[in-house]
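**Student:** Mind looking at a prediction? Sequence and model below.
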There are 2 protein chains.
Amino acid sequence: MFINLSTDPNIKPRLVGELGDLSHAQVSSGEFKYGRGTEIFGEAEPADYIYQVIEGAVRTYKLLSDGRRQIGAFHLPGDIFGLDNGDFHRFTAEAIVDTTVRLVKRQSLERVAKSDPGLILSLLTMTTANLRHVENHILLLGCTTARERVAAFLLEMNGRLTSAGVIALPMGRRDIADYLGLTLETVSRMFGALERKGHLKFLDDSRQRQIVILNAAGLTELDAPRKHRRLKRKHTPSVG
Amino acid sequence: MFINLSTDPNIKPRLVGELGDLSHAQVSSGEFKYGRGTEIFGEAEPADYIYQVIEGAVRTYKLLSDGRRQIGAFHLPGDIFGLDNGDFHRFTAEAIVDTTVRLVKRQSLERVAKSDPGLILSLLTMTTANLRHVENHILLLGCTTARERVAAFLLEMNGRLTSAGVIALPMGRRDIADYLGLTLETVSRMFGALERKGHLKFLDDSRQRQIVILNAAGLTELDAPRKHRRLKRKHTPSVG
DNA sequence: CGAAATCTTGATAACGTTCAATATTCGTGG
DNA sequence: CCACGAATATTGAACGTTATCAAGATTTCG
């Protein structure tokens, strides 16, 4: 089906925030539902669509050949994923829970983009936003302790899916672990430690997925034993 | 100074490969030299220029407040860095050795970009290339052992700065460690282990920075003790 | 030339993983 | 709708990989 995004009131508000100048573009678009745990697209598959979460949650990840998994991002309502700017997906995407997505044919986007600098600029803006997230994640994975990672994860989620002060996590400990480069046991232990310190509490939710942050400042405290201590800096750009 | 890149034979060949459609753009450009160890720009500073390495090597990194450092990338001759698509740099950049860079005023790029969709597309292409690199780095930092990281580093460098089969590393063990999320001692030990296994050898270079890969296949061997073993999957894409 | 930086190697320790057991809940099929 | 197997989460104990601390050898470069 073809939808003019600028005239469909149900779609425009959702997409405008992310797609910006796409608002006057004529692109082919549709909705789809994926059951909990099902694959939306696979790594290295042709990237025919880009996706936006309407409802639910999605994980995108890479696998090593021996089964080790690294989740690159969680995608929540409003988020766009599968935007690879190339012919093939670089991640696998799976629905974490029953999920509804909007999909847009990449071909139609590119057709429009040829004559619409604003759309390319929007793609650049979204890609840059991805890049920023991934860059911060590298800092997390390369430098931080288990406690710091779990705390950072909570703060990230706190900013993204809090409703009435409660974080309702759609994903399990295993997913969190694979996002943070830890094991699920370590994630569980760090949650426990943060709870004992009074930085958070669990609501009497059966699976401990409903969390309230009690002390956000406590979560930002650094924790490194003394791993590295580089301090000096030089400042003298010399002119050629 | 203003240079029309499409008519300056000394500049065009270098930039065309990376900047694509910029070749017919009129942008302000110049060259600069930075001494070994000096800062080119700092994190959160205004991003007034984008840079291309002419000669030398550059590291870009983020710091935590207690001094922990994560190097995001090494930039070698031909590479463009500082392309943040925003008003501020997200990394600090330092010359690893005496380095010559070309710099291009961002303002002039943006002026041209307004009327040149091809240039924006080039920016998108370069940003996507950055993204791909960082995504792969996340997989490395989140999932792999020390030996695998050092091996992956060598293979990356092997594809980028090999001359006559010899990798001549411009950076020290500390930089490599901060790139791989390890300590310099561990990097040193892994080099030693790989040498003992016959996968590489050092040239009698005083600082062990000249390396020859003897067995690239040996370097790609996986090494995980048995950290995670997720196996079931419908179809199985994998990066080995 | 000499102080600082770099790299290696060894000994010890710690953080996080691995292995294991339990309790609870989910969700699918009878 | 209940029951039962599978999935999820927590916790404990032991282990292992990598960090930390330390010393020494060599080289760089100011």
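**Tutor:** Good, I have the coordinates. Residues are numbered from 1 along each chain as shown, chains lettered A, B, ... in the order given.

**Student:** So which bits of chain A are right by DNA strand C?
**Tutor:** A:36, A:145-147, A:181-183, A:185-186, A:189, A:206-207, A:225 (C-beta under 7 Å from any atom of the strand). C-beta here means a position set from N, CA and C on the backbone, and glycine is covered the same way.

**Student:** which one among those residues gets closest to chain B?
**Tutor:** Checking the residues of chain A next to DNA strand C against chain B with C-beta to the nearest C-beta, the nearest one is A:Gly181 at 3.6 Å.

**Student:** Mind checking which of the residues of chain A next to DNA strand C land in helices?
**Tutor:** Among these, the members found in helices (DSSP state H) are A:Ala146, A:Arg147, A:Glu185, A:Thr186, A:Arg189.

**Student:** Now distance to DNA strand D, pLDDT and neighbour count too, for the residues of chain A next to DNA strand C, in CSV please.
**Tutor:** Shown next, in CSV, are those (distance: C-beta to the nearest atom of the strand, whole Å; pLDDT from 0 to 100; neighbours: other C-beta atoms under 10 Å in any protein chain shown):
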residue, distance to DNA strand D, pLDDT, neighbour count
A:Arg36, 9, 96, 13
A:Thr145, 9, 98, 15
A:Ala146, 11, 98, 18
A:Arg147, 14, 98, 19
A:Gly181, 12, 98, 23
A:Leu182, 12, 98, 22
A:Thr183, 9, 98, 16
A:Glu185, 4, 98, 10
A:Thr186, 8, 98, 18
A:Arg189, 5, 98, 15
A:Ser206, 8, 89, 6
A:Arg207, 4, 93, 9
A:Pro225, 4, 72, 5
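
**Student:** Need the residues you listed in JSON lines (columns: distance to chain B).
**Tutor:** Below are those laid out as JSON lines (distance: C-beta to the nearest C-beta, whole Å):
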{"residue": "A:Arg36", "distance to chain B": "14"}
{"residue": "A:Thr145", "distance to chain B": "10"}
{"residue": "A:Ala146", "distance to chain B": "13"}
{"residue": "A:Arg147", "distance to chain B": "14"}
{"residue": "A:Gly181", "distance to chain B": "4"}
{"residue": "A:Leu182", "distance to chain B": "9"}
{"residue": "A:Thr183", "distance to chain B": "7"}
{"residue": "A:Glu185", "distance to chain B": "11"}
{"residue": "A:Thr186", "distance to chain B": "12"}
{"residue": "A:Arg189", "distance to chain B": "17"}
{"residue": "A:Ser206", "distance to chain B": "24"}
{"residue": "A:Arg207", "distance to chain B": "20"}
{"residue": "A:Pro225", "distance to chain B": "11"}
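
**Student:** of all the residues you listed, which comes closest to B:Leu109?
**Tutor:** Nearest to B:Leu109 out of the residues of chain A next to DNA strand C is A:Gly181 (C-beta to C-beta; 36.1 Å).

**Student:** Please tell me how far the closest one sits from B:Thr60.
**Tutor:** 21 Å (C-beta to C-beta, to the nearest Å).

**Student:** Over to A:Gly37?
**Tutor:** 38 Å.

**Student:** report the longest strand in chain A, please.
**Tutor:** Longest among the strand segments of chain A by residue count, using DSSP state E, is strand A:26-34.

**Student:** Now do the contacts for A:Ile138.
**Tutor:** Applying C-beta atoms under 8 Å, 6 or more residues apart in numbering or on different chains to A:Ile138 gives the contacts B:Gln70, B:Gly72, B:Val134, B:His137, B:Ile138, B:Leu141.

**Student:** for A:Thr100, same thing?
**Tutor:** The neighbourhood of A:Thr100, defined by C-beta under 8 Å, 6+ apart, consists of A:Glu31, A:Phe32, A:Lys33, A:Tyr34, A:Val53, A:Ile54, A:Glu55, A:Gly56.
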